[in-house]
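In: Sequence unavailable; structure follows:
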């Protein structure tokens, strides 16, 4: 018999964008929405975590 918790996918990590506060999910299995983005940004500055889609795009435009 298998343990249902072992076979189920982990819940996405709930985050709030450090720049604007928008809430979003991050799928730690690698299926996150950010993998679909063409812009790959520098790592967050000290104290920052992931950005929401709009802030990610704005930051990419700023470094282009």
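Out: That came through, no problem. In this text the structure is predicted, and so the values were computed from the model without any measurement.
In: Just give me the longest helix of the protein.
Out: For the chain, the helix with the greatest residue count under DSSP state H is helix 53-63.
In: Name the residues of that one that are buried.
Out: Across helix 53-63, burial judged by 16 or more other C-beta atoms under 10 Å covers 55-56, 59-60. C-beta coordinates here come from the backbone N, C-alpha and C atoms, glycine included.
In: ok, now stretch 16-33?
Out: Across stretch 16-33, burial judged by 16+ other C-beta under 10 Å covers 17, 24, 32.
In: Can you tell me which residue sits nearest the middle of the protein?
Out: residue 26 (4.4 Å; C-alpha atoms, centre = their mean).
In: pretty sure that residue contacts residue 32?
Out: Yes - applying C-beta atoms under 8 Å, one finds residue 26 in contact with residue 32, separated by 5.1 Å.
In: joint contacts of those two?
Out: Listed as contacting both residue 26 and residue 32 by C-beta atoms under 8 Å, 6 or more residues apart in numbering are residue 12.
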